[in-house]
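1. How does the following fold in three dimensions:
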Amino acid sequence: MLFALPFPAIDPVALDLGFFQIRWYALAYIVGLLLAWRYLLRLSALPPRTMGRNDADDLLVWMAFGVILGGRLGYVLFYKPAFYLANPLEILHVWQGGMAFHGGLLGVTIAGIWFCRQRKLNAWQVGDLVACTAPIGLLLGRLANFVNGELYGRVTESGLGMVFPGGGPLPRHPSQLYEAGLEGVVLLCVMGLLVRRESIRSKPGQLIGIFLIGYGLARIAAEFFREPDAHLGFILGPVTMGQVLSVPMVLLGIGIVAYARARPSVSGA
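-> Sure thing, here's the model as predicted:
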């Protein structure tokens, strides 16, 4: 057998009361949303003030529904449409896993636009702040994937390989940690630095575009180390579904940045 780092045997169930279980995956969503909300409160105070405390509190609820519904439906449509068409009740079994970031992003976008229209808020400005908080959830979600031993990487001979419980006897890339680093830590730092710049905030939409570009590139890179979903395999040659869905994100992000930079600056930023 190739040399492999030991996989930490962490129980996916964080708390088991017998009649009720709390899994790390669920905690990742809950803690991610709460931390994102706290960060959003701090960012919303930057000039020009985007929203009040009540708006930020209510937005958390809308974002939660958007990410959960969109993430689940995205997984159903993008990754296992045939299975769920034959077993529609399985769509409700979210505790068994199966969430797609691209679907969650779409769900958050729809919920956010609807929320802003209801409250008469600038959707571009609100979206910029939400984009800055998104890497928090991505970081915690990928760490939860690692704890669950799911979405592991491809077989490797490097010293970083781990033998995952469900991945066979050969060491594999801990690609969940690569994604946590790129999509979470790196992207969070980049967005955090940029949102502090008045020149960036004065052009609403730039941070949304930068997030889309950053996530798309990070996901495309990480997919070269991640094992494709068994029921999908590679889509086009060595290209995976995650990469196929990320390319439009990058292109859309570039378009949004160009659009934002061409618009008049917002005063007070």
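
2. From residue 25, how far out is residue 17?
-> Look at residue 17 and residue 25: by CB to CB, to the nearest Å, they are 17 Å apart. All C-beta spots, glycine's among them, are computed from the backbone N, C-alpha and C.

3. higher neighbour count, these two?
-> residue 25 (22 against 7; other CB atoms under 10 Å).

4. For the residue most central in space within the chain, which non-adjacent residue is closest in space?
-> Geometric centre of the chain, nearest residue: residue 138, 4.1 Å, by CA atoms, centre = their mean. Nearest residue to residue 138 in three dimensions, chain neighbours excluded: residue 183, at 4.4 Å (CB to CB, 6 or more residues apart in numbering).

5. OK, contacts around that neighbour?
-> Each residue near residue 183 by CB atoms under 8 Å, 6 or more residues apart in numbering is listed here: 135, 138-139, 142, 215, 218-219, 222.

6. Mind doing that once more with 6 Å?
-> Each residue near residue 183 by CB atoms under 6 Å, 6 or more residues apart in numbering is listed here: 138, 215, 218.

7. Next, format the residues you listed as a markdown table and append secondary structure and distance to residue 229.
-> As requested, the contacts of residue 183 are exported to a markdown table (DSSP: H, G, I helix; E, B strand; the rest coil; distance: CB to CB, whole Å):
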| residue | secondary structure | distance to residue 229 |
| --- | --- | --- |
| 138 | helix | 19 |
| 215 | helix | 19 |
| 218 | helix | 19 |
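
8. List just the nearest of the residues you listed to residue 110.
-> For these, the minimum distance to residue 110 (CB to CB) is 17.8 Å, reached by residue 215.

9. Three-state assignment for the closest residue to the closest one other than its chain neighbours, please.
-> Nearest non-adjacent residue to residue 215, counting by CB to CB, 6+ apart: residue 183, 5.9 Å away. Following DSSP: H, G, I helix; E, B strand; the rest coil, residue 183 is assigned to helix.

10. got a pLDDT number for residue 183?
-> With respect to pLDDT, residue 183 scores 96.

11. Correct me if wrong, but residue 15 is in a strand.
-> Yes: Residue 15 sits within a strand when classified using three-state DSSP.

12. tell me which element the residue nearest to it when sequence neighbours are not counted falls in.
-> Nearest non-adjacent residue to residue 15, counting by CB to CB, 6+ apart: residue 22, 4.2 Å away. In the assignment (DSSP states H and E), residue 22 maps to strand 21-23.

13. tell me the mean pLDDT over that strand?
-> For strand 21-23, the per-residue pLDDT averages 80.

14. Quick check: the residue nearest to the centre of the chain touching residue 184?
-> Yes: contact criterion CB atoms under 6 Å: residue 138 and residue 184 qualify, at 4.9 Å.

15. right, and the helix or strand after the helix or strand where residue 33 lies?
-> Secondary-structure assignment from DSSP H and E places residue 33 in helix 24-44. Using DSSP H and E, the helix or strand that directly follows helix 24-44 along the chain is helix 53-78.

16. and residue 84, how many neighbours?
-> For residue 84, the count of nearby residues is 18 (other CB under 10 Å).

17. With adjacent residues omitted, what lies nearest to it?
-> residue 76 (4.6 Å).

18. so the one you found sits right up against residue 82, yeah?
-> No: the pair residue 76 / residue 82 is not scored as a contact, 10.4 Å apart, by CB under 6 Å.

19. Settle it for me: which of these two has more neighbours?
-> residue 76 (19 against 8).

20. And the residue nearest to residue 15, how close does it get to residue 138?
-> In this view, residue 22 and residue 138 are 21 Å apart by CB to CB.

21. Then residue 177?
-> 13 Å.

22. Please apply the same query to residue 201.
-> Using CB to CB, residue 201 is found at 22 Å from residue 138.

23. now swap in residue 164 and tell me
-> Taking CB to CB, one finds residue 164 at 21 Å from residue 138.

24. likewise residue 148?
-> Using CB to CB, one gets 16 Å for the distance from residue 148 to residue 138.

25. what's the answer for residue 251, then?
-> 20 Å.

26. repeat for residue 100
-> Counting by CB to CB, the separation of residue 100 from residue 138 is 13 Å.
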